[in-house]
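Q: Sharing a model prediction with you, sequence too.
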Amino acid sequence: MAINRRHLTFALFTAAVIIIVSFVLAGHYRYNFFPRIQSETARATLVMPAGTSIEQTRSQIERMADKAYQLQAKYQEPDGTGSVVKNILVSIGWNGMGRPGIRGNPELGRVTMELIPRKNACPPLKPERSSANGVR
């Protein structure tokens with residue numbers, strides 16, 4: 001039947017494609033290929049140039065970890081029972097992939113902060129103003 005009425009079949013197919021494309025372009029079809037997932041983990045990964053010594057990577061990761069510890073100390077619960085940052089994990093020479101015991105890469109490092117779940121978090125913090133021009 002579709003072969004006998006090929007012009008009608010083509011017209012219906014074209015109309016269907018136009019309708020579908022117009023729905024997508026108009027925003028009526030809200031599909032997100034990679035939806036944002038709320039997470040209680042914040043990661044900062046450092047990749048130094050190839051050939052960097054482990055000592056240089058360690059010094060940079062220590063700077064990053066110091067900032068994470070400062071955040072942990074700064075954002076305490078109002079009642080003083082704990083911090084919004086529960087745990088801090090620092091790794092050097094290993095990117096978290098693969099099996100432990102495999103020779104690492106001295107140019108890799110990562111600082112991971114585990115945060116308390118949002119439902120258990122304290123009320124939102126007020127932004128700070130550090131200068132007259134509004135830079136935070």
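A: That came in fine, so what should we check first?
Q: if I pick Leu25, what's in contact with it?
A: If a contact means CB atoms under 8 Å, 6 or more residues apart in numbering, then Leu25 has no contacts. All C-beta spots, glycine's among them, are computed from the backbone N, C-alpha and C.
Q: Against Thr14, how distant is it?
A: 16 Å (CB to CB, to the nearest Å).
Q: swap in Met48?
A: On the measure of CB to CB, Met48 and Thr14 end up 55 Å apart.
Q: Same drill for these two, tell me which one is more crowded.
A: Neighbour totals were compared for Met48 and Thr14, and Met48 leads with 17 against 10 (other CB atoms under 10 Å).
Q: Just to check, the more buried one is in contact with Arg58?
A: No: when contacts are counted by CB atoms under 8 Å, Met48 is not listed as touching Arg58 (10.4 Å).
Q: Quick check: neighbours shared by the two?
A: Contacts common to Met48 and Arg58, judged by CB under 8 Å, 6+ apart, are Gly109.
Q: can I see the domain layout of the chain?
A: What the record gives for the chain is the domain set 1-32, 41-119, from automatic domain parsing.
Q: Return the distance of the shortest one from the chain's centre.
A: Between the mean C-alpha point of domain 1-32 and the mean C-alpha point of its chain there is a distance of 37 Å (CA atoms, centre = their mean, to the nearest Å).
Q: List the buried residues in that domain.
A: Buried residues in domain 1-32, counting neighbours by 16 or more other CB atoms under 10 Å, are absent.
Q: Against which helices or strands is the helix or strand where Thr45 lies packed?
A: Applying DSSP states H and E as the criterion places Thr45 in strand 41-47. The contact analysis (3 or more CB pairs under 8 Å, 6 or more residues apart in numbering; DSSP states H and E) places strand 41-47 against helix 54-74, strand 108-115.
Q: how about those in JSON lines, adding mean pLDDT?
A: JSON lines is the format used below for these (pLDDT from 0 to 100):
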{"stretch": "helix 54-74", "mean pLDDT": "92"}
{"stretch": "strand 108-115", "mean pLDDT": "91"}
